[in-house]
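J.: Let's see this in three dimensions:
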Amino acid sequence: MPTQTPNLKLPVPLGNENHNRASYIDLINKIDDNAASKQVVTEHLDETTTGAHKAKNIEVVDVNNLFTSTDVEGALKELFTNADNAQKGIANVVGSPALPSNTLAQLVTHIQNAKNTGAVNLTVKGQSANGTDSLDSLMRKIANVEPGKKFASGKANTDINNVVTVHGLDFKPRIVHINYYNPSASVTTYHYMDNITRATTTKGTVIGVHMGITSNGSINGYGEIIERSDHLTSIFYDDGFAAYLNTTSTNVYWYAWE
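T.: The predicted structure is shown next:
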C-alpha cells in the first residue's frame, strides 16, 4: 500500500510495488485538482482583483500588541469600535446640539461654534478672547469676569438697644438703606455706607434723612451727614450689618447693596 505526500496527498509507491498506468493517471489528476493555472495565480496576485485576498485570511503582524485580533478583518472591527465609542463619547461631553450620530467633522463644527460663542460672550464682559483660543484658556477666563453687585432686601425689628441686626447674606454689604414709620406720622430713611478701606466689623458712615407727611398733609423733613466711630452709626459684617436707628421695637424695611 503506497504512502501519501503530506500536502497534496499524492501516492508514493513502496519499493516492492509496481507503478502502473492507473496509478499514473490518478497521480496526474490529483496534481491537477490541487494546482492553479498561471492565469489564476496572476489574477490572485493582481492588486486590482476583487476578493483575491480575504481580510479574515490575512494575518496581522502586531509587533506592538495594539490588537487582540490576529487577522485583518478582526483588527478592522476593533478600529471601528474604538473610533465609534470615541465619537459618541465626544458628543456626550459636548452635549446639545452635538449628537452621538454626528460625524467627526460635524462634532468639530459644534465644538468650534461653542468656542466662538464663548469668546464673544467673554469679550462682551470685558475679557480678551478669541475662538482660536484653547478650550481650557476660555474656561479659565470666565473666572476673571467681574460679576454684578449683589442686592438683598427684607423686614426686621429694632431691639431694646434701638439696633436692627441682619445676618445671613451671601455678600458683605457696602450700602444699606433703611425705612421705618414712626408714630409722628412720618417716614424716616437712613443710608449707611461702609468705608471700603476699613476692616470687616469697623463702623461706617451714616447719612440720616428724616422726611414725612404730617396729619394735616404738610411735608416736612431734614437731613444730616454724620461721621462717627461709635455704636451709634453702623457695623458691616461679611454676611450682614447692624445699624442704630434711635427707635425701639420698630418694624423696619432694609435694602442692602454689595
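J.: Rounded mean pLDDT for stretch 167-179, please.
T.: On average, the pLDDT along stretch 167-179 is 88.
J.: Buried residues, it. List them.
T.: Leu169, Lys172, Pro173, Arg174, Ile175, Val176, His177, Ile178 (16 or more other C-beta atoms under 10 Å). Where you see a C-beta, it was placed from the backbone N, CA and C, and this is true even at glycine.
J.: and the two most separated of the residues you listed?
T.: Spatial extent of the buried residues of stretch 167-179 (C-beta to C-beta) is set by the pair Lys172 and Ile178 at 17.1 Å.
J.: which residues of the stretch 1-150 of the chain fall in helices?
T.: Under the criterion DSSP state H, counting those that start in this stretch, the stretch 1-150 of the chain contains helices at 21-33, 38-45, 72-94, 104-124, 135-142.
J.: I'd like to know which of the buried residues of stretch 167-179 is nearest to Ile142.
T.: Set against Ile142, the nearest of the buried residues of stretch 167-179 by C-beta to C-beta is Lys172 (22.8 Å).
J.: The closest one and Tyr237 touch, don't they?
T.: Yes - between Lys172 and Tyr237 there is a contact at 6.9 Å, judged by C-beta atoms under 8 Å.
J.: Tell me where the model's unsure across the stretch 51-200 of the chain.
T.: Across the stretch 51-200 of the chain, the ranges flagged by pLDDT under 70 are 51-52, 182-192, 194-200.
J.: ok, 80 please
T.: By pLDDT under 80, the low-scoring segments of the stretch 51-200 of the chain are 51-53, 57, 147, 180-200.
J.: At which residues are the strands of the stretch 101-250 of the chain located?
T.: Under the criterion DSSP state E, counting those that start in this stretch, the stretch 101-250 of the chain carries strands at the ranges 151-157, 163-166, 175-182, 186-193, 205-213, 219-226, 234-237, 240-244.
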